[in-house]
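Asker: Output the structure for:
(one chain, ligands or ions: 1)
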Amino acid sequence: MTLAIRNQKHNWHPYTQHKTAPIPIAIVKGEGALLWDENGKEYLDAIASWWVNPYGHANPVIANAIYKQLTTIEHVLFGGFTHEPAVVLSEKLMAILPDNQNKIFYSDNGSTSVEIAIKVSMQYFFNQGIKKTKIIAFEDAFHGDTFGAMAASGISFFTEAFKDSLIEVVRIPVPTKGNEEASLKALTELVTTDECAAFIFEPLVQGAAGMVMYAPEILNQLIALCKKHKVFTIADEVMTGFGKTGKNFACDYLTEMPDMMCISKALTGGAIPMAITTFTQEIFDGFYDDDTNKALFHGHTFTANPTGCAAALASLELLQSAEMQANLKRINKRHLDFESKIKSHPKIKTTRVLGVILALEIKSAIQETYYGSMRTLLYDFFIKNGVILRPVGNIVYVLPPYVMTDEQLDKVYQVIENVLEIV
Ligand SMILES: *Cc1c(COP(=O)(O)O)cnc(C)c1O
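Answerer: Residues are numbered from 1 along each chain as shown. Have a look, this model is predicted:
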């Protein structure tokens, strides 16, 4: 029996209707941007395995760092103890994070990093005896699948079953081109109510919504407005972090800095689940007190796991290497060239590029849904042709590992051009 068949007996997959979904592909090996399945078929991973793997699969630098850490101290509790990988990683992260960030809380994944930011926002005001419990978020946002993160997410069919059990989140329009004023106006109304603890957003790119992009100028204005009214701002950089937008963080395009940042996905180069939430000193000080009850009573068993920290340190070194920085520029240029070639194609409605992210919206006579028929046709065509792309409805996006070669990029662009012939 193949792995793919044996898999069906016990494994429950994410975002999957098992009754109708095709059986999953069993991957047995990876190297760079390539993956191989159990039948020897080769795939190009053009979405960096859900945006986590910039430096290539089975990267030896990360693997060696993990091995060395595992054979020194694999794990130790972070309550009452600390260790060199966490101390050094925090120092190195601080060197590249925006200047106003000063404290780091470690957790396991993007959703937990968001939960922590939301809990911190609410408890900061609670500690002062102030009632501010609502959270502001964008329409079509995605912040994760745990309860707080899910509440902040705005993709409705993900959260429909739970809508009566969620914290109160109020939504404002995404300030895409032409919608800036509407977004600013909606935020102005909310921040003046004195009920909102925080505004959470995916800076510049809404990943799960289909790589929806908006400009730094309007985000600066939204952040400044929150600052004026003492509403905390939370930049969810879980997807955008570590080079995806062409800079270390999407916030590096801003002049107004957020109070908190959520970071995960590429943090360990896709090797070990890990996340951080970062804070200004002011926020930390809101918990610093003689009263034990004012502490942040939040933690995870694997908080600041040394092996995860070692993988993150190796990943940071890779990111900062001249080779990887050149890759970021190279891929951006290739994307821009392909964009100018494809944007007048009769089947293409809109295109956008930021950093290594390229998104194309395919024309459709009907309103396409997230997992609708157009999506199935596109996805199946790409897989058949050995390219892993996961379109969102009629939006095809490419977010390759930074190590993807020019020849491999050509293949990805070609398969997209080919699919336009059949849609
Ligand atoms: C993926 C993602 C999350 C959730 O991260 P998980 O590790 O899947 O829990 C949160 N926010 C953004 C912007 C993401 O892209």
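
Asker: Give me the distance between the residue lying closest to M274 once chain neighbours are set aside and Q101.
Answerer: Among residues not flanking M274 along the chain, G308 sits closest, at 3.8 Å (CB to CB, 6 or more residues apart in numbering). Placement of C-beta: from N, CA and C, glycine included. Distance, G308 to Q101, by CB to CB, to the nearest Å: 20 Å.

Asker: got the contact list for the residue nearest to M274?
Answerer: Going by CB atoms under 8 Å, 6 or more residues apart in numbering, G308 touches 268, 272-274, 302.

Asker: Which one of those residues is nearest to the ligand?
Answerer: P273 (7.2 Å; CB to the nearest ligand atom).

Asker: residue contacts, that closest one?
Answerer: 108-109, 308.

Asker: Would you check that F249 makes contact with L93?
Answerer: No: the criterion here is CB atoms under 8 Å, and F249 misses it with L93 at 10.5 Å.

Asker: Count the residues that sit near I276.
Answerer: Neighbourhood size, I276 [other CB atoms under 10 Å]: 23.

Asker: Quickly find the element holding it.
Answerer: Secondary structure assigned from DSSP states H and E places I276 in strand 275-279.

Asker: next one: V170
Answerer: Using DSSP H and E, V170 maps to strand 169-172.

Asker: now could you export just the CA positions of the very next helix or strand once past that strand as PDB?
Answerer: Where DSSP H and E defines the elements, the next helix or strand beyond strand 169-172 is helix 180-191. Taking Å, rounded to 0.1, in the frame of the first residue of the first chain, the C-alpha atoms of helix 180-191 are listed here in PDB:
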ATOM      1  CA  GLU A 180      -8.300  54.800   1.700                       C
ATOM      2  CA  GLU A 181     -10.800  57.400   2.800                       C
ATOM      3  CA  ALA A 182     -13.500  54.800   3.700                       C
ATOM      4  CA  SER A 183     -10.900  52.900   5.800                       C
ATOM      5  CA  LEU A 184      -9.700  56.100   7.500                       C
ATOM      6  CA  LYS A 185     -13.300  57.200   8.200                       C
ATOM      7  CA  ALA A 186     -14.300  53.900   9.700                       C
ATOM      8  CA  LEU A 187     -11.300  53.800  11.900                       C
ATOM      9  CA  THR A 188     -11.900  57.400  13.100                       C
ATOM     10  CA  GLU A 189     -15.400  56.500  14.200                       C
ATOM     11  CA  LEU A 190     -14.100  53.400  16.200                       C
ATOM     12  CA  VAL A 191     -11.100  54.900  17.900                       C
END
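
Asker: What is helix 180-191 packed up against?
Answerer: Of the remaining helices and strands, those touching helix 180-191 by 3 or more CB pairs under 8 Å, 6 or more residues apart in numbering; DSSP states H and E are strand 134-138, strand 169-172, strand 196-201, helix 216-228.

Asker: out of everything not next to it in sequence, what's closest to the residue in the stretch 251-400 of the chain positioned nearest to the ligand?
Answerer: Closest to the ligand within the stretch 251-400 of the chain is S264: 5.1 Å, counting by CB to the nearest ligand atom. The spatially closest residue to S264, leaving aside those adjacent along the chain, is A275, at 3.6 Å (CB to CB, 6+ apart).

Asker: Who are the contact partners of I96?
Answerer: Counted by CB under 8 Å, 6+ apart, I96 has contacts 248-249, 316.

Asker: element containing L44, please.
Answerer: strand 42-45.

Asker: would you list every one of the helices in the stretch 301-423 of the chain?
Answerer: Counting by DSSP state H, counting those that start in this stretch, the stretch 301-423 of the chain has helices at residues 306-320, 322-342, 373-384, 406-420.

Asker: any idea how far stretch 65-79 is from the chain center?
Answerer: Distance, stretch centre to chain centre, for stretch 65-79: 26 Å (CA atoms, centre = their mean, to the nearest Å).

Asker: could you give me the average pLDDT of it?
Answerer: On average, the pLDDT along stretch 65-79 is 98.

Asker: For the remainder of this discussion, apply numbering that starts at 462.
Answerer: Got it, the first residue is 462 from now on, which makes the last one we talked about stretch 526-540.

Asker: Check which residues of that stretch are buried.
Answerer: Neighbour counts using 16 or more other CB atoms under 10 Å place 526-527, 530, 539 of stretch 526-540 among the buried residues.

Asker: contacts for it?
Answerer: Stretch 526-540 is contacted from outside by 544, 546-547, 567, 732-733, 760, 762-768, 770-772, 774-775, using CB under 8 Å, 6+ apart.

Asker: Are any of the residues you listed buried, and if so which?
Answerer: Buried members of those, counted by 16+ other CB under 10 Å: 544, 546-547, 567, 732-733, 763-768, 770-772, 774-775.

Asker: Around the ligand, pick out the residues from the protein.
Answerer: Within the chain, the positions lying close to the ligand (CB under 6 Å from any ligand atom) are 570-572, 575, 603-605, 663, 668-669, 697, 699-700, 725.

Asker: one step back: quick check on F710 and L554: which one has the bigger neighbour count.
Answerer: Neighbour count, other CB under 10 Å: between F710 and L554, F710 has more, with 24 against 20.

Asker: And the pLDDT for that one?
Answerer: 98.

Asker: Then P862?
Answerer: The model's pLDDT for P862 equals 98.

Asker: what are the phi and psi values for it?
Answerer: phi -60, psi 150 (degrees, to the nearest 10).

Asker: ok, now E829?
Answerer: phi -80, psi 140.

Asker: domains in this protein, as residue ranges please.
Answerer: What the record gives for the chain is the domain set 464-519+784-880, 524-780, from automatic domain parsing.

Asker: Whatever helix or strand comes next after the strand holding L505: how far from the chain's middle?
Answerer: Once the chain leaves strand 503-506, the next helix or strand it forms, by DSSP H and E, is helix 509-512. Counting by CA atoms, centre = their mean, helix 509-512 is centred 10 Å from the centre of its parent chain.

Asker: what does helix 509-512 contact?
Answerer: Here helix 509-512 has contacts from 515, 518, 668, 700, 705, 726-727, 731, 860-862, using CB under 8 Å, 6+ apart.

Asker: tell me which residues of that helix are tucked away?
Answerer: For helix 509-512, using 16+ other CB under 10 Å, the buried residues are 509, 512.

Asker: What's the mean pLDDT across it?
Answerer: 97.

Asker: what about the closest residue to the ligand within the chain, neighbour count?
Answerer: Using CB to the nearest ligand atom, the single residue of the chain nearest to the ligand is G571, 2.0 Å away. For G571, the tally of surrounding residues (other CB under 10 Å) stands at 28.

Asker: Straight-line length of stretch 490-500, end to end?
Answerer: By CA to CA, to the nearest Å, the extent of stretch 490-500 from end to end equals 11 Å.
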